[in-house]
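1. task: produce atomic coordinates for the following.
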Amino acid sequence: MASFSGFIRKSPDARLASFLNAKGVHAPDDFNWQSEGRGTTLVNDINGLIADLDEAAAAAMAIVAGVVR
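-> Residues are numbered from 1 along each chain as shown. Model prediction:
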């Protein structure tokens, strides 16, 4: 199973945005999908978006991300 951070780093912008949007993670219009060349900064930025979700949505994303098994 691939890591969630690997998925974030390797997915095309539109696919990543669509996946996250479908899971209830909404990025601002000016969100930088190319942050630091898709490195740790982008992963941390997306984790920040997830952290802003309500508890149930954040828990669902944690399961999708493989954080909770």
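
2. could you check how far the most centrally placed residue in the chain is from Thr40?
-> Central residue check for the chain by C-alpha atoms, centre = their mean: the C-alpha nearest the mean position is that of Ile46, 4.2 Å away. Remark: distance between Ile46 and Thr40 (C-beta to C-beta, to the nearest Å) = 11 Å. Yep, even glycine has a C-beta here, placed from its N, CA and C like the rest.

3. now do the closest residue to the residue nearest to the centre of the chain other than its chain neighbours, the pLDDT please.
-> Take Ile46 and drop its neighbours on the chain: the residue closest to it by C-beta to C-beta, 6 or more residues apart in numbering is Ile8, 5.6 Å away. Looking at Ile8, its pLDDT reads 79.

4. again with Gly24
-> Looking at Gly24, its pLDDT reads 84.

5. gap between it and Ala57?
-> Counting by C-beta to C-beta - Gly24 and Ala57 are separated by 5 Å.

6. in what helix or strand does the nearest residue to Phe31 once chain neighbours are set aside lie?
-> Take Phe31 and drop its neighbours on the chain: the residue closest to it by C-beta to C-beta, 6+ apart is Asp45, 7.4 Å away. Assigned by DSSP states H and E, Asp45 belongs to helix 40-51.
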